[in-house]
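Q: Any chance you could fold what I've pasted below:
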Amino acid sequence: MANSSHVTHFTLRAYLDSGVLRWLYFLIISTVYVLIVLSNLLLIAVICFSRTLHEPMYIFLCSLFVNELWGSTGLFPFLMFQILQDVHQISAPLCFAQIFLVFSYGHVELGTLAVMSYDRYQAICFPLQYHSNMTHTKVLTLIALTWLLLFAAVFILVSLSAHLKLCGEVINKVYCDNYSVIKLACSDITAISIYGMAHLCLLIASPLSVILFTYMHIFRVCFSGSKQTRQKAMSTCVPHLASIMNFALGVSFEILQSRFDMTALPNMLRVFISIYFLTVQPLLNPLMYGLKLSAG
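A: Numbering: from 1, shown residues only. Reported below is the predicted structural model:
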């Protein structure tokens with residue numbers, strides 16, 4: 001992903017002039033990162049070493065937790081380093097590497113939530129055929145396709161961005177963002193715009209369609225079934241729905257900040273909004289599913 005423009009580094013303008021408070025911010029961010037790593041690793045270990053949890057739903061959860069580690073690692077060590085610096089810059093290759101990490105995290109998160117909704121659809125709408133429909137081979141194939149296809153698609157997108165000719169080097173965020181880099185382009189962006197639209201339709205609209213389709217049928221079964229059926233269905237779907245809604249909220253914050261001028265907001269609030277989906281989602285998922293595991 002070599003950058004063909006003459007920009008060798010980017011300046012990140014969203015960092016606060018925190019002075020002596022930088023060590024407090026460093027401590028807070030470090031604590032959050034440690035909590036994310038420990039909680040996700042703990043649940044991965046519990047699922048891997050407990051034979052009773054070697055079911056499709058928990059295997060998908062394991063993939064989700066691995067992705068939380070992947071995405072948070074793309075942000076938090078970088079934030080911890082930048083907070084302690086007086087000049088907030090990042091080299092172009094590292095910037096595009098971070099874009100790949102963050103974008104691939106977001107896409108795999110959505111893809112994994114989609115296959116998890118398909119799993120819940122099979123379990124609730126076709127309970128008698130569930131184990132024959134959701135074999136271990138099928139589950140592992142779905143996980144592998146989710147990661148490999150989305151990684152490849154994001155790599156192509158970032159490669160197109162990396163070869164743009166840029167006429168600026170200032171990014172108004174605390175980390176590198178693909179849309180912010182594209183806004184700096186002074187060369188033809190037709191190719192990346194076309195690919196971006198295809199990317200949006202195939203890799204974002206498709207998982208969303210799967211989630212909507214499966215939950216329409218799940219709710220239909222819940223409303224037409226017995227009280228016991230509804231309780232059993234909702235006990236497995238509530239954490240998943242909460243994760244979907246939280247992720248959608250974080251992505252909405254990201255889109256709003258990237259596309260609109262939010263300078264009227266306090267700096268601290270703008271920073272929190274920009275890292276919401278990379279912070280709250282990796283913290284929330286282990287909490288919700290950990291409580292479910294302990295209750296079950």
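Q: now the helix or strand where L256 lies: how far from the chain's centre is it?
A: In this structure, L256 sits in helix 227-259 according to DSSP states H and E. How far helix 227-259 lies from its chain's middle: 13 Å, per Cα atoms, centre = their mean, to the nearest Å.
Q: can you check stretch 257-270 too?
A: With Cα atoms, centre = their mean, you get 21 Å for stretch 257-270.
Q: got the CA positions of that stretch in CSV?
A: Output of stretch 257-270 as CSV, limited to C-alpha atoms (Å, rounded to 0.1, in the frame of the first residue of the first chain):
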residue,chain,number,x,y,z
GLN,A,257,-18.1,13.5,12.4
SER,A,258,-16.5,12.7,9.0
ARG,A,259,-19.1,14.3,6.8
PHE,A,260,-20.2,17.3,8.8
ASP,A,261,-18.6,20.2,10.6
MET,A,262,-18.7,19.5,14.3
THR,A,263,-16.3,22.2,15.5
ALA,A,264,-19.2,23.7,17.6
LEU,A,265,-19.0,20.7,19.9
PRO,A,266,-16.5,20.7,22.8
ASN,A,267,-13.2,19.1,21.9
MET,A,268,-13.4,16.3,24.4
LEU,A,269,-16.9,15.3,23.1
ARG,A,270,-15.7,15.3,19.5
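Q: which other residues reach that stretch?
A: A14, L16, K173, D177, Y179, S180, L256, I273, S274 (Cβ atoms under 8 Å, 6 or more residues apart in numbering). (Each C-beta comes from the backbone N, C-alpha and C, glycine too.)
Q: among these, which two are most distant?
A: L16 and Y179 (22.2 Å; Cβ to Cβ).
Q: Strands along the stretch 1-150 of the chain, start to end?
A: 9-12, 89-91 (DSSP state E, counting those that start in this stretch).
Q: Please identify the deepest-packed of the ones you listed.
A: Ranked by mean neighbour count under mean count of other Cβ atoms under 10 Å, those are led by strand 9-12, which reaches a mean of 18.
Q: Give the rounded mean pLDDT of that strand.
A: For strand 9-12, mean pLDDT rounds to 92.
Q: Neighbouring strands - and their directions - for that strand?
A: If you go by DSSP bridges, strand 9-12 pairs up with strand 89-91 (antiparallel), strand 170-171 (parallel).
Q: Which among those strands is found nearest to V280?
A: strand 170-171 (22.3 Å).
Q: pLDDT weak spots in the chain?
A: Applying pLDDT under 70 to the chain flags the ranges 1-5, 18, 225, 294-296.
Q: Swap in 50 and give it another go.
A: 1-4 (pLDDT under 50).
Q: still on that earlier bit, turn the strands paired with strand 9-12 into JSON lines, including distance to T263.
A: Below are the strands paired with strand 9-12 laid out as JSON lines (distance: least, Cβ to Cβ, whole Å):
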{"stretch": "strand 89-91", "distance to T263": "21"}
{"stretch": "strand 170-171", "distance to T263": "14"}
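Q: To R120, which of these lies closest?
A: Among the strands paired with strand 9-12, strand 170-171 sits nearest to R120 (Cβ to Cβ), with 38.7 Å.
Q: any idea how far I44 is from V66?
A: According to Cβ to Cβ, to the nearest Å, I44 stands 7 Å off from V66.
Q: scratch that, V174 is what I was asking about
A: Taken as Cβ to Cβ, the span from V174 to V66 is 24 Å.
Q: What of V238?
A: Counting by Cβ to Cβ, the gap from V238 to V66 is 23 Å.
Q: Comparing those two, which residue is more hemmed in?
A: V66 (17 against 12; other Cβ atoms under 10 Å).
Q: quick one: the helices in this structure?
A: 22-49, 56-73, 76-83, 92-125, 130-133, 136-162, 178-182, 190-199, 205-224, 227-259, 267-295 (DSSP state H).
Q: contacting residues for Y215?
A: With the criterion set at Cβ under 8 Å, 6+ apart, Y215 makes contact with S117, Y121, C237, L241.
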